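Enquirer: Quick one, fold the following:
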Amino acid sequence: MATRRKKSGAYMISAVAEMYEIHPQTLRLYEREGLLRPSRSDGNTRLYTEGDLERLEFILNLARDLGVNIAGIAIILQMRERMEQMNTEMQGFVDYVRTEMLTRMQSMPRDTAGLVPMPRTSARTVLVPRAASPLVEAARSLPSGKPAAKKR
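Expert: Residues are numbered from 1 along each chain as shown. Next up, the predicted model:
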């Protein structure tokens, strides 16, 4: 779907309806159903931001191209928001585990040759080169915590 929009600013309902070739009542319905939440001016005029337009494009793609009804769109949007929240929480957990593993590995005693004691599996302690320690390598291989770029 090709759109003709500027890089920033807010759009009134009539401009958005014209850009996307939909009736203004459709936009009002989407707002009433909680699918869109445009901001309001001092005069109570609906103002659609770039984020609102991206969300509208997603909604229109579901409705026009995939034939999803309003109830289905609402469920999909809720699931999408929940997945983004879970992704954020999971990334925070991965960052915590990575930091904790690196901190613990760095605080482990080592001998002068740069060897680290591995957890005991028998009566003797096994020393391995620090770079080859599975925990250190696992911690280093975890994602850095930077969010991935969104695909469009």
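Enquirer: show me the contacts for Asp52.
Expert: Asp52 makes contacts with 36-38, as judged by CB atoms under 8 Å, 6 or more residues apart in numbering. Bear in mind the C-beta positions are built from the backbone N, C-alpha and C, glycine included.
Enquirer: Going by distance to Arg82, which of these wins?
Expert: Nearest to Arg82, judged by CB to CB, of the contacts of Asp52 is Arg37 at 17.0 Å.
Enquirer: where does that closest one land in three-state SS?
Expert: coil (DSSP: H, G, I helix; E, B strand; the rest coil).
Enquirer: so who does it touch?
Expert: Taking CB under 8 Å, 6+ apart, one finds 31, 52 in contact with Arg37.
Enquirer: closest to Thr103 among the contacts of Asp52?
Expert: Arg37 (41.8 Å).
Enquirer: so after the strand or helix carrying Phe58, what's the next helix or strand?
Expert: Following DSSP states H and E, one finds Phe58 within helix 50-60. The first helix or strand that comes after helix 50-60 along the chain, using DSSP H and E, is helix 70-107.
Enquirer: OK, contacts around Leu36?
Expert: 27, 30, 48, 52, 55-56, 59.
Enquirer: separation between it and Arg55?
Expert: Look at Leu36 and Arg55: by CB to CB, to the nearest Å, they are 6 Å apart.
Enquirer: By average pLDDT, which secondary structure element in this protein comes out worst?
Expert: strand 127-129 (a mean of 54; mean pLDDT, DSSP states H and E).
Enquirer: hang on, the earlier thing: export the contacts of Leu36 as a markdown table, with columns for distance to Thr103 and pLDDT.
Expert: As requested, the contacts of Leu36 are exported to a markdown table (distance: CB to CB, whole Å; pLDDT from 0 to 100):
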| residue | distance to Thr103 | pLDDT |
| --- | --- | --- |
| Leu27 | 51 | 96 |
| Tyr30 | 48 | 97 |
| Tyr48 | 46 | 96 |
| Asp52 | 43 | 96 |
| Arg55 | 40 | 96 |
| Leu56 | 45 | 97 |
| Ile59 | 45 | 97 |
